[in-house]
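Visitor: what's the 3D shape of this:
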Amino acid sequence: MRTLVNIISLAFFILIIPYPVSAQEVDMDFGKFSEEELSARVYEKDSSASAVILGDFGYCDFTYNDVGGLQFNFTRRTSGNFLMATLGLDETGALSGTVTASRKCHMAMLERKKIHEKQVSNNKQEEDLASEPNQWEIRNYEITGLENPGEPLKENYEVTLKDYYQAAGNLIYLNPIITGRMETNPFKLETRKFPVDLPYQFNDTYMLNFTIPEGYEIDEQPENIAVALPNEAGVYYYTIKQRGNLLQVTSKVDIKKRKFMAEDYPYLKEFFGMMVAKTAEQIVLKKN
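Guide: Predicted coordinates for the structure are as follows:
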């Protein structure tokens, strides 16, 4: 009799209890699924499912073969920005050229949201770019990937920056990082008792191809550096290369983990402080 009561109680727990805690009906399907379906990164507005997405760690899949058996494969998903500018001084003395930008994962999602809000207010993305403090003039603006959340968001345009550099006598002072420069260190505390949780891993790359004006030469330039966080948690490097009258500047940061313990905080603060200081340095051109 006791055994029968135990079986009935167990059946009641299995069949009855789950129903009150089910937030929504779950659709089930079998077979081969697309990458978009497996990524589970896009939700309709007002969906309760979006509340559970706390951080984008990456994605995983399973494969099976007769030799290795069941294999578990994990791929780190990294948000990132890539921007390449090709610029020179035009006949008016303004900095002018082309810009190619690409954003992926979380960075692309944030930019899509910002662009959507502009469209609702009848504003345009190129008008937002033109609001940069150095009087950007945007021409031939193109954007791709806006309606496809699974793809990178890409922008291409021509730009003229008026009053960007400073001239003093026969010298020109120019910061080669024309946009996206980190101006303050986000880590301001001297010490920290709790871990630092970043919302996502990220990789930002900035490249500038700058044509040195005829009759000028490099008088001063920032030194090349490469710094790394302990345990390969991140790396930053800044390099300048010159080939003839073409100057190539590269600034790249790659943060490879999301959580940093309290004992890692001094290294993290110093790491970002070095980035802020380095991207504030200027190139000095001197007229022959």
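Visitor: Spatially central, which residue of this protein would that be?
Guide: The residue lying closest to the centre of the chain (C-alpha atoms, centre = their mean) is G80, at 2.7 Å.
Visitor: Could you give the bridge partners of it?
Guide: K104, N203 (DSSP bridges).
Visitor: Distance-wise, check it relative to T191.
Guide: Noted for G80: a distance of 30 Å to T191, by C-beta to C-beta, to the nearest Å. C-beta: built from backbone N, CA, C; applies to glycine.
Visitor: Y216 and I240, how far apart?
Guide: Taking C-beta to C-beta, one finds Y216 at 15 Å from I240.
Visitor: returning to that earlier point: in contact with the residue nearest to the centre of the chain, which residues are there?
Guide: By C-beta atoms under 8 Å, 6 or more residues apart in numbering, the residues touching G80 are 103-105, 107, 202-205.
Visitor: biggest separation within those residues, which pair?
Guide: Farthest-apart pair in those is C105 and T205; separation 14.3 Å (C-beta to C-beta).
Visitor: Can you show me the helices along the stretch 151-288 of the chain?
Guide: 265-279 (DSSP state H, counting those that start in this stretch).
Visitor: Cross-check the contact I'm expecting between N140 and V159.
Guide: No - N140 is beyond contact range of V159, at 9.8 Å (criterion: C-beta atoms under 8 Å).
Visitor: For these two, indicate the residue with more neighbours.
Guide: A direct count of neighbours by other C-beta atoms under 10 Å for N140 and V159 places V159 higher, at 25 against 10.
Visitor: picking that back up, using ChimeraX, define a selection of the buried residues within the contacts of G80.
Guide: Applying 16 or more other C-beta atoms under 10 Å to the contacts of G80 leaves a buried subset, and the ChimeraX line that selects it is:
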select :103,104,105,107,202,203,204
